[in-house]
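Asks: 3D model of this:
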Amino acid sequence: MSEPLILNPADTVAILTEKGVASAGHKVARQPMPKGAPVIKCGQVIGYATTDIEQGAHVHSHNCAFGAHGRDYSPGAGLEVARAALEIHASAPAMQFQGYHRDGGQVGTRNYIALVATVNCSATVIRRAADELDREGALDAYANVDGVAAFAHGTGCGMGSSGPGYDALKRVLTGYAGHANVGAALFVGLGCEVMQIARMKQDLGAAARFHWLTIQDTGGTRATIDAIKARVREILPAVNAARRTPAPVSALKIGLQCGGSDGFSAITANPALGVASDMLAAQGASVVLSETPEIFGAERLLLDRAVSEDVARKLMARISWWEDYTARNGVSLDSNPSPGNKAGGLTTILEKSLGAVAKAGSTPLQAVLDYAEPITAPGLNFMDTPGYDPVSATGQIAGGAQLIVFTTGRGSAFGSKPAPTLKLATNSRLFDAMRDDMDLNCGDILDGVSLQDKAAQIVQMVLATASGQVTKSEGLGLGDHEFVPWQIGAVV
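Replies: Reported below is the predicted structural model:
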């Protein structure tokens, strides 16, 4: 039997690592803990004993509960250490990928035509048009076009015409249409909705890659489907003319995601992705952590390396917003760990957050972004999003992420367009069980593979994917239904 894994000398719990055992990833007490004592993992408080716990006992939801965490923040206190972490990788040879160079300096990893619904009322016509084009083989002669992607959603009307909800949706729609992985975009509206095409035209201007129509002006549902198909056929030759050419890694923006996390997330895939993030950041790439409810309790690990007081204040403000938002709706942030997370060994949001933050590596926090805000700063960024993966990834992609790296311990069937998703398994059992979905196994870290070596594998897979290598989720055709903009504010 494998010895339980101790992550920090100060820990009061150790992690079971026996392969093929249901309790793998769960915690056992290293010492007796009286009722009320803090439970410590990774050197951090993850909860409090709700009863006396004997040495060697299973520590989980039955005897450990969420509680207060330290708020004695010292923004920037670890900034010099974070800068030193960046310097470690600064001398590495320059890396490149093969991408599609766009006007304005963007570089795409894919080449899609995007059909963008401005409102729920135009969701059916864009989906029907994309489906009919696919069944008719419209793209068969265009090898350089990755597909026609329909971005449909459930809002765009019944909302305020200004304010956070309107602004967030507009950022999402324009972010997808103007994405580096999109060669041309066609906005389709009903005509009378709040999210008016005329207003979006003003913001986007008359760029050749943007096209527009409404159902009401076109003559109804069938006429609009036919008009969409005709427009796509017109623009296909120009989009197909794009060719991949070399681009520096500094052109990449990479969304960091985790879903279906387990007790190994903080030990294998997430810290390996963190080292990979540091390697990419050292060459000027942007790496984007998100899911604000899933950094709760571990926000200090980001605040310590904030590059300015403004960056730290913005992150603290978003944490406060979420505490107020959940309280007003009768929900605790500790509601975040799902039944699957708990079955995999995670007990509280404080514990889950430690693993989530590990994806961000060790380098300075350069910027804190609103949902779907454009990503401009090289290095580590944080974007305010919910913890729900489709909503979070939609915000990252709208901000400009050309690919997503997604760790999972319980298993995930997530995919995304127009930015592909790479999925990393935290344990070998999952990798073996879901080989059609997992791109890389990080479970072998438990067998002695170093985090540095695994990070190098992740970076090489990122570069190959950015250059056109098909991910497992792309091969399965995932990504058409994971476009889920965050609906903020009242539905009226």
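Asks: tell me where the stretch 101-250 of the chain has helices.
Replies: Taking DSSP state H, counting those that start in this stretch as the test, the helices found in the stretch 101-250 of the chain are 123-135, 164-177, 197-204, 215-218, 221-240.
Asks: mean neighbour count added to those helices, as TSV?
Replies: Just so you know, the C-beta spots here come from the backbone N, C-alpha and C atoms, and that holds for glycine as well. Output for these, formatted as TSV (neighbours: other CB atoms under 10 Å):
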stretch	mean neighbour count
helix 123-135	18
helix 164-177	21
helix 197-204	14
helix 215-218	17
helix 221-240	17
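Asks: which of those helices comes out lowest on mean pLDDT?
Replies: When these are ranked by mean pLDDT, helix 197-204 comes last with a mean of 86.
Asks: nearest to Met316, out of the helices of the stretch 101-250 of the chain?
Replies: helix 164-177 (18.4 Å; CB to CB).
Asks: and the angle from the closest one to helix 197-204?
Replies: Following axes from the mean of the first three to the mean of the last three CA atoms, to 10 degrees, one obtains 70 degrees for the angle between helix 164-177 and helix 197-204.
Asks: same for helix 164-177, what does it pack against?
Replies: Counting contacts by 3 or more CB pairs under 8 Å, 6 or more residues apart in numbering; DSSP states H and E, helix 164-177 packs against strand 112-117, strand 182-189, helix 197-204, helix 389-399.
Asks: least reliable of these going by mean pLDDT?
Replies: Lowest mean pLDDT within these: helix 197-204, a mean of 86.
Asks: any stretches of this structure with poor pLDDT?
Replies: Scanning the chain for pLDDT under 70 picks out 1, 206.
Asks: coming back round to it: export the helices and strands packed on helix 164-177 to JSON lines and tack on distance to Gly448?
Replies: Formatted as JSON lines, the helices and strands packed on helix 164-177 follow (distance: least, CB to CB, whole Å):
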{"stretch": "strand 112-117", "distance to Gly448": "41"}
{"stretch": "strand 182-189", "distance to Gly448": "43"}
{"stretch": "helix 197-204", "distance to Gly448": "52"}
{"stretch": "helix 389-399", "distance to Gly448": "31"}
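Asks: closest to Phe431 out of those?
Replies: Shortest separation from Phe431 across the helices and strands packed on helix 164-177 is recorded for helix 389-399, at 19.2 Å, computed as CB to CB.
Asks: and the closest one, what does it pack onto?
Replies: Packed against helix 389-399 by the contact rule (3+ CB pairs under 8 Å, 6+ apart) you find helix 164-177, strand 253-258, strand 379-383, strand 403-408.
Asks: kindly provide the distance from the closest residue in space to Gly409 that isn't next to it in sequence to Cys157.
Replies: Distances taken as CB to CB, 6 or more residues apart in numbering place Asp262 nearest to Gly409, at 2.9 Å, with adjacent residues excluded. Distance of Asp262 to Cys157, computed by CB to CB, to the nearest Å: 40 Å.
Asks: the more surrounded of these two?
Replies: Asp262 (30 against 17; other CB atoms under 10 Å).
Asks: do you know how far the more buried one is from Ser332?
Replies: Asp262 is 21 Å from Ser332, by CB to CB.
Asks: out of the helices and strands packed on helix 164-177, flag the one nearest Asp11.
Replies: Asp11 lies closest, by CB to CB, to one member of these: helix 389-399, at 28.8 Å.
Asks: and that closest one, C-alpha only, in CSV?
Replies: In CSV, the C-alpha atoms belonging to helix 389-399 read as follows (Å, rounded to 0.1, in the frame of the first residue of the first chain):
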residue,chain,number,x,y,z
ASP,A,389,-17.1,26.1,-16.8
PRO,A,390,-19.1,27.0,-20.0
VAL,A,391,-19.8,30.5,-18.7
SER,A,392,-16.2,31.0,-17.5
ALA,A,393,-14.6,29.7,-20.8
THR,A,394,-17.0,31.8,-22.9
GLY,A,395,-15.7,34.9,-21.1
GLN,A,396,-12.0,33.9,-21.6
ILE,A,397,-12.6,33.2,-25.3
ALA,A,398,-14.5,36.5,-25.8
GLY,A,399,-11.5,38.2,-24.2
